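Peer 1: got a structure for you, letters missing:
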């Protein structure tokens, strides 16, 4: 972010439900301490990476997800995620939150309570990280909590996990530093846990870090299916829906040195 960028006032007035806010900001907190939101007439989005450029998260909330969406002036705002979550967690789950801003603060109103959150920065220009544009060879859709549950188990046996896909099977396995597979879990087409499977190349196998992705997976609401796309030596993409309208994509870089 350049010091030459121009500070300006972004003006908006929106309403959204508390569970959606909680899902978005808990997901972001698993990766970063602060986030920059892009606010425009189409909706609100956020693209951010960790310091080592191993994980990228893309949040996309179209304007139709909001109960109210009025944008007077589009732009960017940067805020501290922990401070935002303190407010969100103080608001009951069944609440609608009205969010607007003034020169210095984000203002949240819910249940006869007004909260003020200091905006760190407001910029007219912001260097948005590029999104991976990948035609995935394999994709699977898993029932809620399945991916999180299995990676938690595999983490007991190794730091990395492999994913292999054929037209009928999806296999997860732990891998140790000595490059040995210790625990292997196989799901077959037709099983309740495997909602959908698509493998374009006959067989696809990839290797990723469990410890990098697991903190994020634990923030996903329990009733949310996960769509996982992967190809050999390419980033994994984990997609979850937000309120059935928006989505959060997490991209995890592969272990290139292991084929």
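Peer 2: Perfect, I can see it now. Computed from a predicted structure; not experimentally measured. Numbering: from 1, shown residues only.

Peer 1: name the helix or strand for residue 195, please.
Peer 2: Assigning secondary structure by DSSP states H and E places residue 195 in strand 194-199.

Peer 1: could you give the mean pLDDT of that strand?
Peer 2: Strand 194-199 carries an average pLDDT of 95.

Peer 1: who are the packing partners of that strand?
Peer 2: strand 138-142, strand 169-175 (3 or more C-beta pairs under 8 Å, 6 or more residues apart in numbering; DSSP states H and E). C-beta: built from backbone N, CA, C; applies to glycine.

Peer 1: redo that, cut-off 10 Å
Peer 2: Packing contacts for strand 194-199, counted by 3 or more C-beta pairs under 10 Å, 6 or more residues apart in numbering; DSSP states H and E, involve strand 138-142, strand 160-165, strand 169-175, strand 181-188, strand 226-230.

Peer 1: show me where the stretch 1-150 of the chain has its helices.
Peer 2: Counting by DSSP state H, counting those that start in this stretch, one finds helices in the stretch 1-150 of the chain at the ranges 18-29, 81-90, 146-154.

Peer 1: next, count neighbours for residue 184.
Peer 2: Residue 184 has 13 neighbouring residues, counting by other C-beta atoms under 10 Å.

Peer 1: and the residue nearest to it when sequence neighbours are not counted, what does it touch?
Peer 2: In space, and not counting its chain neighbours, residue 184 is closest to residue 173: 4.3 Å by C-beta to C-beta, 6 or more residues apart in numbering. Neighbour list for residue 173: 154, 157-158, 160-164, 181-186, 205, 207 [criterion: C-beta atoms under 10 Å, 6 or more residues apart in numbering].

Peer 1: equivalent analysis for residue 59, please.
Peer 2: By C-beta under 10 Å, 6+ apart, the contact list for residue 59 reads 23-25, 27-28, 35, 37-38, 43-48, 242, 246-250.

Peer 1: let's see it at 8 Å
Peer 2: Applying C-beta atoms under 8 Å, 6 or more residues apart in numbering to residue 59 gives the contacts 24, 27, 28, 44, 45, 46, 47, 242, 246, 248.

Peer 1: residue 168 now?
Peer 2: Per C-beta under 8 Å, 6+ apart, neighbours of residue 168: 188, 189, 197.

Peer 1: that one and residue 142, how far apart?
Peer 2: 15 Å (C-beta to C-beta, to the nearest Å).

Peer 1: do residue 199 as well
Peer 2: Residue 199 is 15 Å from residue 142, by C-beta to C-beta.
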